[in-house]
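In: 3D model of this:
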Amino acid sequence: MRHGHWLLVVVALAGCEDKKAREAQEKLDRQIERAGGIERDKDGRAYKADTGKYIDSRGGAVSNTERVEGKAITSMSQLPPDPPETDVTRGEQAEFKDDRAGAAKLYKKACAEKVPGGCAHLAMMQREGGGGVKKDPAKAEQELEALCEGGDGYACYGVGIIYETTLTAGKSHSADEVIAMYDKGCTQKSVDACNALGMLYHSGRSGAPKDNAKAAAALRRGCELGDRMSCLQIDMVKQ
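Out: Have a look, this model is predicted:
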């Protein structure tokens, strides 16, 4: 019994050493992964931090859409991970909390540092003013149109919102013009634009033609870009 007892102690100690070694190796592996732009979700699945796309046995060829489309959502882990926070997204959070001054500060910083969407978010604030930003709807529209032409997808989304919800020079814009803006923003990787385009086709609002196939296609693009809401809505619009 005594020899057996000591044997158990030795095995236990060896097990502890092995565990420490594994933990140390895992920590090192994670540091290496992060240096290479790889993160992991709560289920341990690796994904690229800059795109939100998973890395798997098919070399990342399995898209976010394939993971959720046609399957019942039973866990948030089935959805793509939230994209890494940027100054722009933190500004959105501040704006959501009605901290317009804080939002404006973050948007100005993002704009100065050329963070995609930073200048566009700031221009959107000009529509209503507040937070130290002067209200100037006409200037906001001009700036957003220029940014959109320059390749800022969120700016195209902003122009689409203006076209859909307000009169410009006393005239309303056609559904085709609204669709064109959202589509351009979606093509330029704005998940907001993809989602707006998808729901526009699904609802048929603002005179847009109801087309659930086109709605699903737009939401699929948003899902591919890592937008959780778009992933959830694909099957809904196909019904």
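
In: Does P80 touch L232 like I think?
Out: No - using CB atoms under 8 Å as the test, P80 is too far from L232 to be in contact (10.8 Å). Yep, even glycine has a C-beta here, placed from its N, CA and C like the rest.

In: the more surrounded of the two?
Out: Neighbour totals were compared for P80 and L232, and P80 leads with 24 against 15 (other CB atoms under 10 Å).

In: Please tell me how far the nearest residue to that one once chain neighbours are set aside sits from D41.
Out: Leaving aside its sequence neighbours, P80 sits nearest to N64 (CB to CB, 6 or more residues apart in numbering; 4.1 Å). Going from N64 to D41 by CB to CB, to the nearest Å gives 12 Å.

In: Compare those two (neighbour count), which wins?
Out: A count of neighbours by other CB under 10 Å puts N64 above the other of N64 and D41, at 26 against 15.

In: ok, that one - contacts?
Out: N64 sits next to G52, K53, Y54, L79, P80, C223, E224, G226, C231 when contact means CB atoms under 8 Å, 6 or more residues apart in numbering.

In: same thing with C148?
Out: A155, C156, G158, V159, M181, K184, G185, Q188.

In: secondary structure class for Y47?
Out: Recorded secondary structure, Y47: strand (DSSP: H, G, I helix; E, B strand; the rest coil).

In: whoops, T74 was the one
Out: The local conformation at T74, judged by three-state DSSP, is coil.
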